[in-house]
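*Asks:* just need the structure, nothing else, for what follows:
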Amino acid sequence: MPGPIHRALAGRSTVSSPDAKRAALLAGRKAEGAVARDLERQGLSVLAKNLRLGHLELDIVARDHDTIVVVEVRTRGATAWQTGLESIARSKAKRVRTAGEKLWRQRFQRDPTVNRMRFDVAVVTFDEEGAFSIEYARGVL
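*Replies:* Residues are numbered from 1 along each chain as shown. This is a model prediction of the structure:
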């Protein structure tokens with residue numbers, strides 16, 4: 001029997017019931033944690049998760065040597081109709097870039113150890129048992 005994470009991520013574009021919303025939030029937090037651990041295993045430093053910049057939010061902000069990496073984390077169920085990359089609407093990509101630009105201006109613009117910012121996407125796909133896999137795309141937003 002599928003667990004709550006799988007039911008919440010089974011390809012539905014909207015989550016309506018309170019239980020489904022909680023399950024989707026749990027899945028998102030689990031995915032963000034998994035991506036952050038994966039980035040650290042690759043040698044990046046995770047600077048922040050769920051960073052609020054006014055009304056905007058960045059899922060993960062990391063540092064890769066002289067590069068600040070903004071990571072948008074997407075979750076998918078095994079039966080989702082579209083890929084994680086396809087699920088990023090143009091308006092969402094614009095919000096992520098706007099938040100990243102705001103972060104750059106506020107914290108990194110004058111930092112001589114930082115030379116650039118990159119926008120990546122991590123797609124975490126959960127199977128029916130709750131296990132997951134991560135697909136990672138660099139510089140796609």
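
*Asks:* okay, CA-based contacts and neighbour counts for the rest of this
*Replies:* Fine.

*Asks:* now do the phi/psi pair for Pro18.
*Replies:* Dihedral angles of Pro18 (phi, psi; degrees, to the nearest 10) stand at phi -60, psi -40.

*Asks:* that one: neighbouring residues, count only.
*Replies:* For Pro18, the neighbour count with other CA atoms under 10 Å is 9.

*Asks:* tell me, how many residues neighbour the closest residue to Ala78 other than its chain neighbours?
*Replies:* In space, and not counting its chain neighbours, Ala78 is closest to Asp127: 5.2 Å by CA to CA, 6 or more residues apart in numbering. Number of residues near Asp127 (other CA under 10 Å) recorded here: 19.

*Asks:* and Asp127, how far from Thr83?
*Replies:* Note on Asp127: its distance to Thr83, by CA to CA, to the nearest Å, is 14 Å.

*Asks:* same deal with Ala93?
*Replies:* 15 Å.

*Asks:* the closest residue to Thr75 other than its chain neighbours: which element?
*Replies:* Spatial nearest neighbour of Thr75, excluding adjacent residues (CA to CA, 6+ apart): Val124 at 4.8 Å. Assessed by DSSP states H and E, Val124 sits inside strand 116-126.
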